[in-house]
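Peer 1: Got a predicted structure here, sequence first:
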Amino acid sequence: MSASGDRPRILHLHSTFDAGGKEVRCVRLINRWGKEADHAIVSGDLAKRGAAQLLSPRVHVSWPKFPSLSGRPTPGRLGKIAAAMAGYDLICTYNWGAMDAVMAHTLFADVHKLPPLVHHEDGFNEDEAIRLKTSRNWYRRIALGRTAALVVPSRNLERIALEVWQQPRTRVRRIANGIDTRSYAAPPKRDILPGLVKHRDEFWIGSLAGLREVKNLGALVRAIKRMPPEWQLVIVGEGPERARLLALAQELQVEDRVHLPGFIAQPEKLVGLFDIFALSSHSEQFPISVVEAMAGGLPVVAPRVGDLGEMVSSDNGPYLVDPGDEEALIQSLWKLTGNAPERKRIGQANRTKARAEYDALAMSERYHALYWGLMNRQSAPKSA
C-alpha cells in the first residue's frame, strides 16, 4: 500500500525474514501498532520471508527493491545502500546481516539526509556462537558510530555492547522480549499439528526452534532415545538441518518418536501440548520460545546460556545445565519425565513469572516510546 502523509514511514532491514525470534517480534510490533505507521520490510534473501505470513491484513506493509545487504563494503556499494534508505522517517536494522546498512548510514547520513537509525542485536549465528570475531567487533564499533540507539534483549548482549563494542551508555537500550502471555492459557487441541495427534497415553518433550546448527537439536534427538518409551520429541520449526536430524533419528532407531511438523504460525495454540520444553542451543540471548513455554505453564530444560538463568523461575533453576553438557541435559529431562507433580509446580511458577515480567504490552510501549520519540511523533501506542 502507499504511505499516508500523516503516518511515519519505517524501513526494516533484515538479512532474512524467516520466522525466527527477531522477525516474529518485529511482526508482532507492526501488528500491534496497526495503522499508526507504514512499514517497508527488506529481506536480504527473497526466498526466506516466512514471517510475512504472520502480518495482519490491517497493517500497511511494502516490500521495496533494495541493494544487496551482503558483499564487500566498498564505498560505492555502501553509497547505493545509503541512497536507498532515504525518504523514510526511521530506519531499523537487525543483527550482523544488516551491519553494512548501519555502516552506510554512518558514512553517508549527511549526504542523503537520512533519518535516525536504530540497530537491533538479538544474538549470533554458528560462526560466532562460541567466540565473537575480532574483525567483526571492530567493524561494529565503527558502523554503530552514528546510530540513534542500539537495542538488545538480554543482559549479556548489553554487556557486550558496552564493553566489547564500546558503545556509550546513552545509546544502548535493553528491552526484554515479550508476548501476549494470556493467550497461552487456553487448552490446546490434540490435533493442532498437521499429520500429528497427541494420544492420551503419551507425553511430549517439545521445542520451538529454527532447524539450524547453532540450535544443537541433535542433542534432543539423542536424548529421546534414553527417555521412557511413552515420551515423544516434537521440534516445531523449519531450517537447513531438517534432513540431518531425520537421518540421525533413523540412525538411532527413534524415527517413530521424533516429529518435525514444520513452522507453526500460532505457537500459543500448540505449547500446551508439551509436557516439558527443551532447548539445546550453543548460543541464545533472550529466547522468545522460552517465554512462550513459561506462559504455557511448562518446565524448561536448557543450557544456562544468555539470560536463561534469570528468565526462568527460581523453581526451574535446578533443571538448567552447563552449556555443552549433553549428559546433564539428558539427566534433567529424565528427572522431569518421571515426576508429574514437579512438572506442574515448576510450570505454574514459570507462568506466574512470565505474566508478571514478559508481557507484550510493556515491550510494545518501550519500543513505541523509542521509535516515535526519535521521529518526533507523540501519538499513544495501541493497547490491543
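Peer 2: Cool, got the structure.
Peer 1: CA atoms for contacts and neighbours, from now on please.
Peer 2: OK.
Peer 1: Check the burial of Arg200 by counting its neighbours.
Peer 2: In terms of burial, Arg200 registers 7 neighbours under the definition other CA atoms under 10 Å.
Peer 1: Checking Ser68 next. Helix, strand or coil?
Peer 2: coil (DSSP: H, G, I helix; E, B strand; the rest coil).
Peer 1: Give me the neighbour count for the residue lying closest to it once chain neighbours are set aside.
Peer 2: Distances taken as CA to CA, 6 or more residues apart in numbering put Gly44 closest to Ser68, at 6.3 Å, once the chain neighbours are dropped. In terms of burial, Gly44 registers 20 neighbours under the definition other CA under 10 Å.
Peer 1: Please tell me how far Gly44 sits from Ser289.
Peer 2: Spatial separation of Gly44 from Ser289 under the definition CA to CA, to the nearest Å is 24 Å.
Peer 1: Equivalent analysis for Leu117, please.
Peer 2: According to CA to CA, Leu117 and Ser289 sit 27 Å apart.
Peer 1: cool, and Ser43?
Peer 2: Computed as CA to CA, the Ser43 to Ser289 distance reads 22 Å.
Peer 1: same check, this time on Thr170
Peer 2: For Thr170, the distance to Ser289 equals 29 Å [CA to CA].
Peer 1: Which one's more surrounded, Leu117 and Ser289?
Peer 2: Set side by side, Leu117 and Ser289 show more neighbours around Leu117, with 27 against 20, by other CA under 10 Å.
Peer 1: Just want the phi and psi numbers for that one.
Peer 2: Note on Leu117: its backbone torsions stand at phi -120, psi 130 [degrees, to the nearest 10].
Peer 1: so it touches Leu144, yeah?
Peer 2: No: in this structure, Leu117 is not within contact of Leu144 by CA atoms under 8 Å, at 9.5 Å.
Peer 1: Please identify every residue contacting each of these two.
Peer 2: Overlap of the contact sets of Leu117 and Leu144 (by CA atoms under 8 Å, 6 or more residues apart in numbering) consists of Val102.
Peer 1: low pLDDT regions in the chain?
Peer 2: Applying pLDDT under 70 to the chain flags the ranges 1-5, 126, 128-130, 378-384.
Peer 1: Kindly recompute the last result at 80.
Peer 2: Segments of the chain classed as low confidence (criterion: pLDDT under 80) are 1-5, 124-131, 378-384.
Peer 1: Tell me where the longest helix sits in it.
Peer 2: helix 340-357 (DSSP state H).
Peer 1: now for it, which elements pack on it?
Peer 2: Using 3 or more CA pairs under 8 Å, 6 or more residues apart in numbering; DSSP states H and E as the contact definition, the elements that helix 340-357 packs against are helix 288-295.
Peer 1: Any buried residues in the helix it packs on, and which?
Peer 2: When neighbours are counted by 16 or more other CA atoms under 10 Å, the buried residues of helix 288-295 are found to be 288-295.
Peer 1: Likewise for stretch 153-165?
Peer 2: For stretch 153-165, the buried set under the neighbour-count rule, 16+ other CA under 10 Å, comprises 153-158, 160-161, 164-165.
Peer 1: Take those and write them to a markdown table, including distance to Ala109 and secondary structure.
Peer 2: What follows is these, written out as a markdown table (distance: CA to CA, whole Å; DSSP: H, G, I helix; E, B strand; the rest coil):
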| residue | distance to Ala109 | secondary structure |
| --- | --- | --- |
| Pro153 | 26 | coil |
| Ser154 | 29 | coil |
| Arg155 | 30 | helix |
| Asn156 | 30 | helix |
| Leu157 | 26 | helix |
| Glu158 | 26 | helix |
| Ile160 | 26 | helix |
| Ala161 | 22 | helix |
| Val164 | 25 | helix |
| Trp165 | 21 | coil |
